[in-house]
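J.: Need a 3D model of the sequence below.
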Amino acid sequence: MKEVIRLTNKTAVALRKSAQRVRTAYFAAAVILSLALGALGIFLGLMWLPAVPLCIAAAALLDCALMIASRSRYLSMIGQAICTEAAAREIRAGSSADRRREQALRDLMRVKEDVQGRAAPNAQQEAEEAPAPGVHRRRRNTLQLIRSGQ
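T.: Numbering: from 1, shown residues only. Take a look at the predicted model:
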């Protein structure tokens, strides 16, 4: 059910790896602190028996706090990675849109030059073949519509 977000940007991938390292560091800290509090509970339990459940409760509370902080930091860094990836995709899309726009303008200029190049000889021929003044001739539309299949 979980959809994996594919990160292609180097910065986003580095952020994800960093988030995983931070989460692992929090888990390691939780394990070390739990072991330390367990040892402290055993040591204090030899002197005063109620110290054992108190140390175990403190270890559990500390583990919960560390896991919540770990999850929060991990999700924050993953969110940054996703935003970085989205920004990179938007920049790539914008640059490709700019390239398409520039290509369309170049094509339009070529078409205009082509039309003007064809129109100039046709205009000279029409002027030579033109009948006496007073007679109006309609110009032919020399542009053709080219569809993708043609």
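J.: Next, the contact list for Gln20, please.
T.: Tyr74 (Cβ atoms under 8 Å, 6 or more residues apart in numbering). The C-beta positions use only the backbone N, C-alpha and C, and glycine is treated the same way.
J.: Any stretches of this protein with poor pLDDT?
T.: Under the criterion pLDDT under 70, the flagged ranges of the chain are 1-5, 119-150.
J.: try it again with 80
T.: For the chain, the stretches flagged by pLDDT under 80 are 1-9, 93-98, 118-150.
J.: For the chain, which segments count as helices?
T.: 10-47, 51-129 (DSSP state H).
J.: and among the ones you listed, the most buried is which?
T.: helix 10-47 (a mean of 15; mean count of other Cβ atoms under 10 Å).
J.: Can you give the contact residues for stretch 73-86?
T.: Against stretch 73-86 from outside (Cβ under 8 Å, 6+ apart): 5, 7-9, 11-13, 15-16, 18-20, 22-23, 26.
J.: Would you mind measuring from the spatially most central residue of the chain to Asn9?
T.: Nearest to the mean C-alpha position of the chain, by Cα atoms, centre = their mean, lies Ala86 at 1.9 Å. Using Cβ to Cβ, to the nearest Å, we find Ala86 at a distance of 9 Å from Asn9.
J.: Likewise for Gln20?
T.: Taken as Cβ to Cβ, the span from Gln20 to Asn9 is 17 Å.
J.: do the same with Ile32
T.: Taking Cβ to Cβ, one finds Ile32 at 34 Å from Asn9.
J.: now do Ile82
T.: Counting by Cβ to Cβ, the gap from Ile82 to Asn9 is 10 Å.
J.: again, but for Gly45
T.: 53 Å.
J.: before we move on, what about Met109?
T.: 35 Å.
J.: List phi and psi for Thr8.
T.: phi -110, psi -20 (degrees, to the nearest 10).
J.: how much space between it and Leu35?
T.: For Thr8, the distance to Leu35 - Cβ to Cβ - is 40 Å.
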